[in-house]
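Novice: Next come a sequence and a model predicted from it.
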Protein chains: 2
Amino acid sequence: MARTIAILGGTGPEGLGLANRLARAGERIVIGSRDAQRATDAATKLRDAIGASAQIEGAANAAAAAQCDTALLTIPFNGMAGLLKELKPAWKPGTVVIDTTVPLAAAVGGAPSKMLGVWQGSAAEAARELLPKEVSLAAALHNLSASLLEGDAAVECDVLVCSDDEKAKQVASELANKIPGVRAINGGKLENARIVESITALLIGLNIRHKVHSAGIRFTGLPL
Amino acid sequence: MARTIAILGGTGPEGLGLANRLARAGERIVIGSRDAQRATDAATKLRDAIGASAQIEGAANAAAAAQCDTALLTIPFNGMAGLLKELKPAWKPGTVVIDTTVPLAAAVGGAPSKMLGVWQGSAAEAARELLPKEVSLAAALHNLSASLLEGDAAVECDVLVCSDDEKAKQVASELANKIPGVRAINGGKLENARIVESITALLIGLNIRHKVHSAGIRFTGLPL
């Protein structure tokens, strides 16, 4: 049976963009939202845009989490802890969770190009504390422009994948590589998400200064 | 009269690499060190490598700071505060200081791919507190591989320039752009050095995992 990828808090621009790209790559997607109807509506709209072969459904976050093999967290940072506490009993053991959350100051009314300090060091490390041990976690996909994830053009951006779990790292890398133009790069341990998350704030600042929504990052000098 | 660029704490690999590139670009360089003889020896060696037309001298850090128009700080983070306190009376008003310092955990015996927490937020903001008001400050050049700065091949890396001072930002950008392959990018305010500095730790981690010394970054999606 094909795997199911839940995109939790997936009705925002980043979640919808990732749903779009992964559905186009043939993955089975369940968009999760606090409001199941909102998720279903978003799924219908996206399926209409991609074509009838796209496998996209909508569900409440907990229902989406319970049925998935892999989940992407695409919620604003201020909703992350509440969602993960709610989902604690929902996960199947062995689920791979890919955290894309960035603790932007915007989550508490601050600037979108500034970071909050997170006690654990990063949103990903905070997520690790809130997830059951039986769930694998990787941090990835933070630096992809939501605007560029719309449509199907190549996205000129590398994705650093940080994890202490080899399976989660492998799944996150595989999914990142399914987006045309994107190159997954081993970012080392989960704690390195501290730096990768902050690059998003830097890219947002570059977008603001250049009046675009397309800033991305490539790594050079690596034998890849 | 041509300007003079001091490279303070300039006998390490990053300082020598920047001295090499800026001397090749025709700039007049004074390498500064705690030990004037060590600085003079390094200057002689570098001039021999580049050719007799290269304008490179050596001096004690304070003498180098006193005679320069622009100074690059290329010392390890654990030496930064001590050096800036020592230099406080040496600077000419209007000097542009370009801080390249990264607060790597290696400065206190930790891993080279991890960052220290700095109370002020970044090495650059700490430097701002230790410099006289009459001195302009930009943070830049953190992410260039010292290995690649040897020799004269193009360096595939962008340089984010962060500053609250337009003159300092302009001088730092101009110098970065003198290195073949390098592209200076406006990184916004000095406080953004928090992120730019940490990218160096990320690149060091990539170098370690890939057994190279050449990792760099390029930004994509910007109208440059």
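Specialist: Nice, I can see it.

Novice: how about the residues of chain A near chain B?
Specialist: Residues of chain A lying close to chain B (CB under 8 Å from any CB of the partner chain) are A:113, A:115, A:145, A:148, A:156-157, A:160, A:185-188, A:192, A:194-196, A:198-199, A:201-203, A:205-206, A:209-210, A:212, A:214-224. To be clear about C-beta, it is placed using only N, CA and C from the backbone, and glycine gets the same treatment.

Novice: same thing but at 6 Å, please
Specialist: A:156, A:186, A:188, A:195, A:198, A:202, A:205, A:209-210, A:214-223 (CB under 6 Å from any CB of the partner chain).

Novice: and these, which are buried?
Specialist: Among these, those buried by neighbour count (16 or more other CB atoms under 10 Å in any protein chain shown) are A:156, A:186, A:188, A:195, A:198, A:202, A:205, A:210, A:214-222.

Novice: Which residue, neighbours along the chain excluded, lies closest to A:Gly32?
Specialist: A:Ala64 (3.3 Å; CB to CB, 6 or more residues apart in numbering or on different chains).

Novice: Just give me the longest helix of chain A.
Specialist: helix A:193-210 (DSSP state H).

Novice: Packing partners of it?
Specialist: Secondary-structure packing of helix A:193-210 (3 or more CB pairs under 6 Å, 6 or more residues apart in numbering or on different chains; DSSP states H and E): strand A:158-163, helix B:193-210.

Novice: any idea which of the ones you listed is most buried?
Specialist: strand A:158-163 (a mean of 28; mean count of other CB atoms under 10 Å in any protein chain shown).

Novice: Filter the buried ones among the residues of chain A next to chain B down to just the ones in helices.
Specialist: A:Ile195, A:Ser198, A:Leu202, A:Gly205, A:His210.

Novice: how close does the third one get to B:Leu160?
Specialist: Distance, A:Leu202 to B:Leu160, using CB to CB, to the nearest Å: 7 Å.

Novice: Also the first one?
Specialist: A:Ile195 is 14 Å from B:Leu160, where distance means CB to CB.

Novice: what sits in contact with each of these two?
Specialist: With contacts defined as CB atoms under 6 Å, 6 or more residues apart in numbering or on different chains, no residue is shared by A:Ile195 and B:Leu160.

Novice: Run through chain A and note the low-pLDDT ranges.
Specialist: By pLDDT under 70, the low-scoring segments of chain A are A:1.

Novice: What ranges does it have for its strands?
Specialist: Secondary structure of chain A, counting by DSSP state E: strands at A:4-8, A:28-33, A:56-60, A:70-73, A:96-99, A:136-139, A:158-163, A:183-186, A:216-220.

Novice: Which residues does stretch A:183-202 contact?
Specialist: A:102, A:113, A:115, A:121-124, A:139, A:142-143, A:158-164, A:173, A:176-177, A:219, B:195, B:198, B:202, B:205, B:209.

Novice: returning to what we had before: could you dump the strands of chain A to a markdown table with distance to B:Gly181?
Specialist: What follows is those, written out as a markdown table (distance: least, CB to CB, whole Å):
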| stretch | distance to B:Gly181 |
| --- | --- |
| strand A:4-8 | 39 |
| strand A:28-33 | 41 |
| strand A:56-60 | 43 |
| strand A:70-73 | 36 |
| strand A:96-99 | 34 |
| strand A:136-139 | 31 |
| strand A:158-163 | 18 |
| strand A:183-186 | 20 |
| strand A:216-220 | 9 |
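
Novice: and of those strands, who's closest to B:Gly32?
Specialist: Closest approach to B:Gly32 among those (CB to CB): strand A:216-220, 30.1 Å.

Novice: so what strands line up beside that closest one?
Specialist: strand B:216-220 (antiparallel) (DSSP bridges).

Novice: Specify the angle between the strand it pairs with and helix A:193-210 in degrees.
Specialist: Put simply, strand B:216-220 runs at 40 degrees to helix A:193-210, going by axes from the mean of the first three to the mean of the last three CA atoms, to 10 degrees.

Novice: circling back to that earlier point, using TSV, lay out the helices and strands packed on helix A:193-210 together with distance to A:Gly94.
Specialist: Below are the helices and strands packed on helix A:193-210 laid out as TSV (distance: least, CB to CB, whole Å):
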stretch	distance to A:Gly94
strand A:158-163	15
helix B:193-210	26
